[in-house]
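J.: what's the 3D shape of this:
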Amino acid sequence: LRQEGWRYDVVGANEDGTVGDDESGGGERDLADVNYALDSMINRAEFEYKGVVFSEMKGAYSDPEGLIDRISQTLLFPDNSYRFDSGGDPAVIPTLTREEFVSFYKKYYHPTNSRLFVAGDESDVYHALSQADRYMSPMGYNPESRKDSAIVYQKRTFHKPVFERRPYAAAPGEGDSGFMLCITWLLNTQPTTSMMQLAWIVLDSLLLGKPSSPLTKALEDSNLGESTIGGGLDDTLLQSTFSIGMKGLKKREDVNVLEGLIMNTLHKLDSDGFSEDDIASSMNTIEFSLREGGGGLRGMEIFLGALSQWNYDQSPREAIIYEDALKMLKDEIARTGSNLFQQMIRDTLISNNHRVSLELYPSANLEEEQLQDQKIQISTAQSRMSDGEYQNIIDEGIKLKQLQAMEETPEVIASNPSLSISDIDNTPVEYPIHVEDNFAKSGIQLVLHEVEPIQD
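T.: The predicted structure is shown next:
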């Protein structure tokens, strides 16, 4: 926790963590001496917060686009665990105690909550599963861990859309420009069918997929801001959301203009719909993506795709098998045309009050204000420390520095997995090739080789 989470660190401490000549922890102290006690209270070293995650999250919260996403999610999900930031709010991280940290870890970081995925040859898979079983089985099943990890569905509880204004730290001179607005909708309050999940992917493509897509084009042509933000559909959580907005708005008044533009564009699409060509183009793009994948490691793509259902105790297979859903969607489009997508816009975007319009405005003073609040927080905590508690922080800092500087023993280094050049099979893979000259009397030479098909 002290290294990876947060800790008090001495400002200006020596490289080994010591403070001056008298606070290295090596000398004898008579804590009963009143003069010494008073002197130590006055001359205590200044503390600051340190820690890997604390520093990472400070950086994350300094990014306005990341900040608007985090705040929007907190506001959109007031009644379930999505209102919390899984990475941790840097303003709150220093309240985490070691006891809370260890208790949370023991309860939730348990094999009961794990998802194991193995890709490779059949023998590799069975070997890996066997090894995992030997490691995990002795830990047993923890029903409490699973039960308390369940995420409840957020209901649509807003009687009217929520509008919030929050500051973000901006450089001096940016105080009169650089406004941001993002509107985020909660789409579903119960599990959706595979066909409707796919329909939302297609609608997202229709709205935002290309520069010529109507919602993208309306925002970009407005010249209200620098570029669009939000990213559209997010279906990685238990409940899907849809977000759209712009950054770099020049005037405060542009925020309301942009919100009106977004809603008016959706109303127009509800009225006019999409052309058959646009729908066919988006369908072809999505189908190609489903069949070909994203171009990364196929095993990881399957695993990450499965998690969108598997994490919530639904079938991982349903998340990666798309043929039936695709056929149903094609049949529905053939029957209703654009009406399917117009109805989705009407029901889940226009008529849906459970949405958040979040404005971020630049503040040149916010960073300094946050720093001063942090210093007051640290100073208050330090003033309440006894001499023993204060000295313990100094001593723990020295121990941490010693551990960080300690080199691993040869035995530990030798136990780390390693891969050498000789372990890699450099034999080229030979594929049987069939060559056909003047294919179909086209004058083209066709070269074919068989590949093993991907199994659903």
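
J.: Can you show me the strands along the stretch 151-300 of the chain?
T.: When secondary structure is read from DSSP state E, counting those that start in this stretch, the stretch 151-300 of the chain shows strands at 162-169, 179-186, 227-234, 241-249.

J.: Ok, the stretch 351-456 of the chain next?
T.: When secondary structure is read from DSSP E, counting those that start in this stretch, the stretch 351-456 of the chain shows strands at 355-363, 433-436, 446-449.

J.: Name the residues of the strand or helix carrying residue 135 that are buried.
T.: Residue 135 is part of helix 122-136 when elements are defined by DSSP states H and E. Residues of helix 122-136 classed as buried by neighbour count (16 or more other CB atoms under 10 Å): none. Heads up, the C-betas are built off the backbone N, CA and C, glycines and all.

J.: Can you say which of the strands of the stretch 351-456 of the chain is packed in most?
T.: The highest mean neighbour count among those, using mean count of other CB atoms under 10 Å, belongs to strand 355-363: a mean of 22.

J.: Tell me the strands beside it, with direction?
T.: When pairing is defined by DSSP bridges, strand 355-363 lines up against strand 162-169 (parallel), strand 179-186 (antiparallel).

J.: tell me which residues of the first one are tucked away?
T.: It refers to strand 162-169. Using 16+ other CB under 10 Å as the burial criterion, the residues of strand 162-169 that qualify are 162, 163, 168, 169.

J.: Can you redo the residues you listed as CSV, where the extra columns are distance to residue 133 and pLDDT?
T.: Output for the buried residues of strand 162-169, formatted as CSV (distance: CB to CB, whole Å; pLDDT from 0 to 100):
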residue, distance to residue 133, pLDDT
162, 48, 97
163, 52, 97
168, 48, 94
169, 49, 92
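
J.: Nearest to residue 243 among those residues?
T.: Set against residue 243, the nearest of the buried residues of strand 162-169 by CB to CB is residue 162 (13.7 Å).

J.: Model confidence score at the closest residue to the closest one other than its chain neighbours, please.
T.: Counting by CB to CB, 6 or more residues apart in numbering, residue 162 lies nearest to residue 356, which is 4.8 Å off, once chain neighbours are set aside. For residue 356, the pLDDT comes out at 98.

J.: Enumerate every residue touching residue 356.
T.: Shown in contact with residue 356 (CB atoms under 8 Å, 6 or more residues apart in numbering): 72, 75, 76, 161, 162, 163, 164, 183, 184.

J.: Tell me which residues touch the nearest residue to residue 15 once chain neighbours are set aside, please.
T.: The shortest distance from residue 15 to any non-neighbouring residue, by CB to CB, 6+ apart, is to residue 401 (7.3 Å). Applying CB under 8 Å, 6+ apart, we find residue 401 in contact with 15, 16, 17.

J.: among those, which ones are buried?
T.: In terms of neighbour count (16+ other CB under 10 Å), the buried residues within these are residue 17.

J.: what sits opposite the residue nearest to residue 162 in the beta ladder?
T.: Per DSSP bridges, residues listed as beta-bridge partners of residue 356: residue 162, residue 184.

J.: helix or strand for residue 107, which one?
T.: For residue 107, the enclosing helix or strand under DSSP H and E is helix 98-108.

J.: how far away is residue 10 from residue 47?
T.: As defined by CB to CB, to the nearest Å, residue 10 lies at a distance of 6 Å from residue 47.

J.: next one: residue 258
T.: Applying CB to CB, one obtains 44 Å for the distance of residue 258 from residue 47.

J.: same thing with residue 192?
T.: Using CB to CB, one obtains 50 Å as the distance from residue 192 to residue 47.

J.: Restrict stretch 97-105 to CA atoms and write it as CSV.
T.: The C-alpha coordinates for stretch 97-105 follow below in CSV (Å, rounded to 0.1, in the frame of the first residue of the first chain):
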residue,chain,number,x,y,z
THR,A,97,-6.3,2.6,5.6
ARG,A,98,-4.2,-0.5,5.4
GLU,A,99,-6.9,-2.5,7.2
GLU,A,100,-9.5,-1.5,4.6
PHE,A,101,-7.1,-2.2,1.8
VAL,A,102,-6.3,-5.7,3.1
SER,A,103,-9.9,-6.5,3.9
PHE,A,104,-11.1,-5.5,0.4
TYR,A,105,-8.4,-7.5,-1.2
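
J.: Contacts for that stretch, please.
T.: Contact partners of stretch 97-105, identified using CB under 8 Å, 6+ apart, comprise 1, 5.

J.: Check stretch 119-127 too.
T.: For stretch 119-127, contacts defined as CB under 8 Å, 6+ apart pick out 118, 128, 298, 299, 300, 302, 303.

J.: And these, which of them are buried?
T.: With neighbours counted by 16+ other CB under 10 Å, the contacts of stretch 119-127 contain buried members at 302, 303.

J.: dump the residue contacts of residue 226.
T.: With contacts defined as CB under 8 Å, 6+ apart, residue 226 is in contact with 246, 247, 248.

J.: Let me see the contact set for the last one.
T.: Right, the one you point to is residue 248. Residues in contact with residue 248 (CB under 8 Å, 6+ apart) are 177, 178, 179, 180, 225, 226, 227.

J.: repeat that with 10 Å
T.: Under the criterion of CB atoms under 10 Å, 6 or more residues apart in numbering, the contact partners of residue 248 comprise 177, 178, 179, 180, 224, 225, 226, 227, 229, 254.

J.: could I get those as a markdown table with pLDDT?
T.: Formatted as a markdown table, the contacts of residue 248 follow (pLDDT from 0 to 100):
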| residue | pLDDT |
| --- | --- |
| 177 | 72 |
| 178 | 90 |
| 179 | 95 |
| 180 | 96 |
| 224 | 95 |
| 225 | 94 |
| 226 | 93 |
| 227 | 94 |
| 229 | 96 |
| 254 | 96 |
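
J.: Could you list the low-pLDDT ranges of the protein?
T.: Residue ranges of the chain with pLDDT under 70: 20-42, 173-176, 452-456.

J.: on that earlier part again, can you list residues touching both of residue 10 and residue 47?
T.: Counting by CB under 10 Å, 6+ apart, the common neighbours of residue 10 and residue 47 are 393, 394, 397.

J.: Now do the last one against residue 44, distance only.
T.: Yep, that's residue 397 we're talking about. Computed with CB to CB, the distance linking residue 397 and residue 44 is 13 Å.

J.: what about those two, which has more around it?
T.: Neighbours around residue 397 and residue 44, counted as other CB atoms under 10 Å, are more numerous at residue 397. The numbers are 24 against 19.

J.: Identify the residues contacting the spatially closest residue to the more buried one that is not a sequence neighbour.
T.: Of all residues beyond its chain neighbours, the one nearest residue 397 is residue 17 (4.3 Å), with distances taken as CB to CB, 6+ apart. Counting by CB under 10 Å, 6+ apart, residue 17 touches 9-10, 23-25, 394-402, 404-405.
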